[in-house]
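Student: Coordinates only, no sequence provided:
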């Protein structure tokens, strides 16, 4: 997973950067690590998925985002997607992926502020 | 149903523990008993499903949780799932079971506090 997705604790949220060249294997590893950290670390209330590195998306990446958000919600954490490019938003909606489990925020600062408010 | 799932009233919620070896027959009995108690007992506002005994899940258990939450919602009670292990969350999402009818809470205390707030 090195270089593909790193998980950093920022405030009460786990920040995950999704890279362009993410693979199936990376995602399985990321799901495991992320779910462990949400469940086992004290005070984690949210997950922030930074997708600013993604210039294009397909159904695979859309499903990755949806699944990570779904896992986080089942473990009582709110997911925020930040850094979404306009073209990515258009494509996701065209693919029918409205990401109902996640909320979007303009930036990490906005996401952390919203998480703080609860 | 003895030993498989017990229903206890805690505050304004019915606490149900789902055991690992739950069978189809147990579930039908549990659905009947739970729905009766939600409808007939005074002041029941929620159902707390404790699944900490589950180390693995399959579609059967996922469907059981979804159905119990669905029944509770139709009877105007909010369902909280507590004690979910990280691996269980990952599996449920991979099976496409996002449990939209239920909310998750870290512990029984959290679930009861959220139910109190309404």
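Tutor: Structure's in. What do you need? Being a predicted model, the structure only gives us computed values, none of them experimental.
Student: since we're on the closest residue to chain B within chain A, how many residues are nearby?
Tutor: Nearest to chain B, among the residues of chain A, is residue A:35, at 3.5 Å (Cβ to the nearest Cβ). (Each C-beta comes from the backbone N, C-alpha and C, glycine too.) Residue A:35 sits with 24 neighbouring residues when counted by other Cβ atoms under 10 Å in any protein chain shown.
Student: can you check residue A:29 too?
Tutor: 14.
Student: Mind pulling the model confidence for it?
Tutor: On the pLDDT scale, residue A:29 is placed at 91.
Student: And for residue A:76?
Tutor: 92.
Student: In contact with the nearest residue to the residue of chain A closest to chain B once chain neighbours are set aside, which residues are there?
Tutor: For residue A:35, ignoring the flanking residues on the chain, the nearest one in space by Cβ to Cβ, 6 or more residues apart in numbering or on different chains is residue B:86 at 3.5 Å. Residue B:86 is in contact with A:32, A:35-36, A:38-40, A:75, counting by Cβ atoms under 8 Å, 6 or more residues apart in numbering or on different chains.
Student: Close to chain B: what parts of chain A are there?
Tutor: Counting by Cβ under 8 Å from any Cβ of the partner chain, the residues of chain A close to chain B are A:31-32, A:35-36, A:38-40, A:67, A:70-71, A:73-76, A:101.
Student: Report the two of those separated the most.
Tutor: For the residues of chain A next to chain B, with distances taken as Cβ to Cβ, the pair at the greatest spread is A:40 and A:101 (21.3 Å).
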